[in-house]
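Student: Build the 3D model from these lines:
(chains A and B)
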Number of protein chains: 2
Amino acid sequence: MKTRLIEISFASDVALVHPEDARQMGIDIESRLLIRRNGMPIAAFSPMISQDLVGKGEIGIPKSVANALKLSDGEEVSAEGVTASESLNIMAKKTQGMRLSREEIRKLIADMVSGLLDDAAIAEFVTLQSTVGMDDDEIHELIRAMVETGNKIEFPYPVYDEHSIGGVPGNSKVALLAVPTSVALGLKVPKTSSRAITSPSGTADTMEALANVSLTTEEIRNAVEKAGGTIAWTGRLNLAPADDIMVRIERRLLLDPPSQVVASILSKKVSLGISGLVIDLPVGNGTKLQSEREAENLAAMFVKQGGKFNMSIKALITFGGEPIGYTIGPNLEAIEALTALMKGEASQSLMDKAMYIAGALYEMAGKANIGEGEAHARDAFKSGKSYEKFKKILEMQGGNPEVKPEDIPVGEYSETIYSNKSGAVTFIDNRALTIISRLAGAPLDKAAGIKLYVKIGNRVKSGDPLFKIYSSSSHRLSEALAFANSVKEIEIGTMLLKVFP
Amino acid sequence: MKTRLIEISFASDVALVHPEDARQMGIDIESRLLIRRNGMPIAAFSPMISQDLVGKGEIGIPKSVANALKLSDGEEVSAEGVTASESLNIMAKKTQGMRLSREEIRKLIADMVSGLLDDAAIAEFVTLQSTVGMDDDEIHELIRAMVETGNKIEFPYPVYDEHSIGGVPGNSKVALLAVPTSVALGLKVPKTSSRAITSPSGTADTMEALANVSLTTEEIRNAVEKAGGTIAWTGRLNLAPADDIMVRIERRLLLDPPSQVVASILSKKVSLGISGLVIDLPVGNGTKLQSEREAENLAAMFVKQGGKFNMSIKALITFGGEPIGYTIGPNLEAIEALTALMKGEASQSLMDKAMYIAGALYEMAGKANIGEGEAHARDAFKSGKSYEKFKKILEMQGGNPEVKPEDIPVGEYSETIYSNKSGAVTFIDNRALTIISRLAGAPLDKAAGIKLYVKIGNRVKSGDPLFKIYSSSSHRLSEALAFANSVKEIEIGTMLLKVFP
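Tutor: Prediction:
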């Protein structure tokens, strides 16, 4: 059969087949279709059978998928119906509460990566993790299988990294301080991260305001060699691709099982051969963790699983009850980070978090005693060494090392929200600020987001500004504003709560 | 926007949208698209975004879906992005092991029926039922919600019905004896069933060899009024449509949670206002129930749930260790049933099961004492009264009441499997015979299937025929034969098992 590339975007992988071809192949719409080139399997698809959209002998492939598979138009391929019944039986066993063996988990992940499992089957696996759960050995095998089905990047020296499980707006800029500071302390830090999934900005989105983050394996190795570190996007690296497949369904179903949180992060880090990792677990309103107890359990899982891969892990349980620093959104956060690096000082929440992380990594590398790392980190940051390293990283990633905060654009449309009473800020709703920032266009609109004027505990007077919303689109700004006016994102407490008649 | 009907078959509901329209509507491939006609919502779809397949202002709808929705080509509709976040949050709650309230279950089922939930979300719900499970109240609310979101058929008198949960090949013909016998005993029996899902033939498929089964609500009411009963397909009736939506995903994932087995069957029966129901629960190799204990638990669930709808239920736990009667596949089973009805006698397994069912229904209607119904049923059957009623049913469903067994075609290609040793039949593999029949083409190829020459306990000599495979396609016959030769579907035991050297 011959490929025909079609401009299609769809939530799952689909291939168009003519009904006569489907009949000959013995497939129907419930089948999965495996495509081979020169006899080698390259991907599996859900068949869409249509006589109107493709001709006989043609197999219609979405252009974006074809590009990723390096398939060109009119190429000769073969196709056959395949089933994932072995993986489905493995999952049916799990519904009965049984443990899965190494071989079973490997089969499941291999079928997932080769495209044999459709969305319903992936949803089943995510739901099973959320309900039946996985024990330590199963999580270990899951991570192994996820690593084995992807690329690896090796370094000729020990490398260190940090990762936040997220949920706190404004957090994406922390790495822009923590990574160059760790590098300034002599560590090698190949920091990679995804783009924002549900947040207003991921570290990759924020870094992209200043440099190219879409690096190849070679570029990452080179940046770490020459600049001591990098802040890059995982997108082009094909590290643990099963993670990306599952994240898509987890996000769609609003599920986030702890076993998959751990497997997702560690599979990427194991693929990079990280020897010491600091995990940031924010606890508070709107974050993924509702209590310190829950954070401790997750921390224990991380430490245990890391140990099985000879990765030492330190988990920092942090206060996530309000945004980090004073900005939310890619460009606004990049401005705040760059300003801090240049001045050698940052707002307390941003500074503390970045220095805890760099200090902990320094201690893990055996270069400082426990409890002494943070002071070294602060020295490096204040002395301008972090900024020097950051400029080198920018340069290696094709950015302008001399970029100034005022060079980074913010949304041309903006609107300020003011307090309508006097008192002290008692509560800031993380989730509401995330929604407002995303309605304003973040993270795709890099110039969109929020600038905060107050944090919890600050005293305000009626009429004082609370925060300002930025957007590149007046339409989006008005949507964000409409939402902002419908909720109480910042609460101001006063002594007198109510008066009865 | 204007509809454009396209000849497409796909496993889930999809609508094609031009990228510019998608941008204007603010939807992406992860959204669900709700289509309205004159402002009334008619269905939701997964958007497939393509500039190659539809023009701007057009919305491409698969023809089969458009037919079902009575949408014509070029019709004016509006479309908007919608989310199922409320239902997703309800399910996320269930992953934590929490009970769902009546309102939550209703919301979930309403979203499922209106198309808001995609395959991944439906898979999540099916998996949750398989793992977290549902308590009695939740199952009751589930059935209620499934009934309320579909059509109902009302009768001006009490009506009775029987249903098998399946898993035994050859079982589809039982209703062709049990229903007319119950009618001969004076009961009104609006028997409806689905087509085969994983079996070689469903009761609707087998009945279709003799009459039209695709009846409307009016035709069913009319048949019950004039002939006392009917044997029809549920397909056109829109009874508890959530059931059909979930069955599709259950089948794909090879899952069959007990709560959904009960809800699936009872939602259809409550929609028909059945007052007395006999449930057949076959136990044995290849069936859905592995032990009598498991069958008893399921029976108790049926009885309890039926009671909440004022439906009295009797569950018959039956021997499912070998096929029912001597035939498997739509036409072959229709031939066996018709022959039995005409002669007033049937092979033991077929006769026993049909008469247990008719007798139990007769007792439930209060027309015979407990333990005496079966004898009345056998009398009716032997005397030819059942056959007379069956002819009337055939006539009402547009069949030929004078049809003879030899008028019904069997596959023109056939091959017999012979025993290669002497002894007694000790085991017949239900699952293998199901696979062989389906490979031969059943149920779509009505003339395909198996004729058995032996049952468990029969003595055979080497060279005696064991069974014969029929197909309308020589290619399919050879595939079925290849599988038959690769497994031991019928085991012959002898005294001497092995000889050492």
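Student: make it CA atoms for all contacts and neighbour counts henceforth
Tutor: Noted.
Student: Mind listing what's buried along the helix or strand where A:A377 lies?
Tutor: According to DSSP states H and E, A:A377 maps onto helix A:373-382. Neighbour counts over helix A:373-382 (16 or more other CA atoms under 10 Å in any protein chain shown) mark A:373-374, A:376-382 as buried.
Student: and what of stretch A:63-78?
Tutor: Using 16+ other CA under 10 Å as the test for burial, stretch A:63-78 gives A:63, A:65-66, A:71, A:77-78.
Student: Looking at these, which is nearest chain B?
Tutor: A:K63 (10.3 Å; CA to the nearest CA).
Student: Quick check: the closest one touching A:T3?
Tutor: No: contact criterion CA atoms under 8 Å: A:K63 and A:T3 do not qualify, at 10.5 Å.
Student: related to what we said a few turns ago, tell me what the helix holding A:A377 is packed against?
Tutor: If you count contacts as 3 or more CA pairs under 8 Å, 6 or more residues apart in numbering or on different chains; DSSP states H and E, helix A:373-382 packs onto helix A:174-184, helix A:348-364.
Student: go again using 6 Å as the cut-off
Tutor: Secondary-structure packing of helix A:373-382 (3 or more CA pairs under 6 Å, 6 or more residues apart in numbering or on different chains; DSSP states H and E): helix A:348-364.
Student: quick one: contacts of the helix it packs on?
Tutor: A:174, A:177-178, A:182, A:324-325, A:370, A:373-374, A:377 (CA atoms under 6 Å, 6 or more residues apart in numbering or on different chains).
Student: what's the farthest-apart pair in the residues you listed?
Tutor: The distance between the two most remote of the contacts of helix A:348-364 (CA to CA) is 26.6 Å, for A:G325 and A:I370.
Student: Give me the more crowded residue out of those two.
Tutor: Higher neighbour count among A:G325 and A:I370: A:G325, with 24 against 13, using other CA atoms under 10 Å in any protein chain shown.
Student: residue contacts, the residue nearest the centre of chain A?
Tutor: With distances taken as CA atoms, centre = their mean, A:S194 lies nearest the centre of chain A, 3.6 Å away. Counting by CA under 6 Å, 6+ apart, A:S194 touches A:233-234.
Student: okay, A:M495: pLDDT?
Tutor: On the pLDDT scale, A:M495 is placed at 62.
Student: before we move on, back to that, check pLDDT for the contacts of helix A:348-364 and point me to the minimum.
Tutor: Lowest confidence among these: A:I370, with 91.
Student: What sits closest to that residue if chain neighbours are left out?
Tutor: Distances taken as CA to CA, 6 or more residues apart in numbering or on different chains put A:E363 closest to A:I370, at 6.0 Å, once the chain neighbours are dropped.
Student: count of neighbours near the one you found?
Tutor: Counted with other CA under 10 Å, the neighbours of A:E363 add up to 19.
Student: Please tell me how far it sits from chain B.
Tutor: A:E363 is 38 Å from chain B, where distance means CA to the nearest CA, to the nearest Å.
Student: residues in contact with the helix or strand harbouring A:K314?
Tutor: Assigned by DSSP H and E, A:K314 belongs to strand A:312-319. Applying CA under 6 Å, 6+ apart, the external contacts of strand A:312-319 come out as A:276-283, A:299, A:303.
Student: which among the residues you listed end up buried?
Tutor: Using 16+ other CA under 10 Å, the buried members of those are A:276-283, A:299, A:303.
Student: In a markdown table, list the residues you listed along with pLDDT.
Tutor: Formatted as a markdown table, the buried ones among the contacts of strand A:312-319 follow (pLDDT from 0 to 100):
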| residue | pLDDT |
| --- | --- |
| A:G276 | 96 |
| A:L277 | 97 |
| A:V278 | 96 |
| A:I279 | 95 |
| A:D280 | 94 |
| A:L281 | 94 |
| A:P282 | 92 |
| A:V283 | 91 |
| A:A299 | 95 |
| A:V303 | 96 |
